[in-house]
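Q: My questions concern the predicted model and sequence given below.
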Amino acid sequence: MSKGLGGNMGGFIKHAQEMQKKIAEIQENLKNRIVEGSAGGGMVAAFVNGHQEIVKLKIDPKVVDPDDVEMLEDLILAAVSQAVKKSKDLAKDEMGKATGGLSIPGLV
C-alpha cells in the first residue's frame, strides 16, 4: 500500500514543481504587463504593471488648476486606484490559469 502512496506522492511532487515553474514564469511576465486606470474622462491616467507598481502617470494640463489642487489630487487617486485594481485582477486571472483556479495564499 505504501508503494502506491509513494508513486502518487512522486506524481504530486512533480506536478507541484511544474506548477511552481509556471507561477514563476507568470510572475516574471506580469512585470511587463501594463494596465491603465483613468479619471476625469481620461484627463488623468495611471499605468500600473502586474506587480502593482505605478510605472507612468499622464495628466492633461487642462486639469492643472492652482486654485483647485484638491480636484487634481482626487483625479490622480481615482486613476491610480482603478489601475491597481485592474492590475490585481490581471494577476489573479493569470495565476488562476497556472493553479487551475486553486487559491494559494500569498501569490496575489
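A: Yep, it's here.

Q: Only C-alpha atoms from now on, for both contacts and neighbour counts.
A: Fine.

Q: Which parts of the protein are helices?
A: Along the chain, counting by DSSP state H, helices occupy 2-30, 69-99.

Q: So which of the ones you listed is the most surrounded?
A: Most buried of the helices of the chain, by mean neighbour count (mean count of other CA atoms under 10 Å): helix 69-99, with a mean of 18.

Q: how near is Lys22 to Asp67?
A: As for Lys22, its distance to Asp67 is 51 Å (criterion: CA to CA, to the nearest Å).

Q: Using JSON lines, lay out the helices of the chain together with distance to Val44 and mean pLDDT.
A: Listed next are the helices of the chain as JSON lines, based on distance: least, CA to CA, whole Å; pLDDT from 0 to 100:
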{"stretch": "helix 2-30", "distance to Val44": "23", "mean pLDDT": "79"}
{"stretch": "helix 69-99", "distance to Val44": "6", "mean pLDDT": "93"}
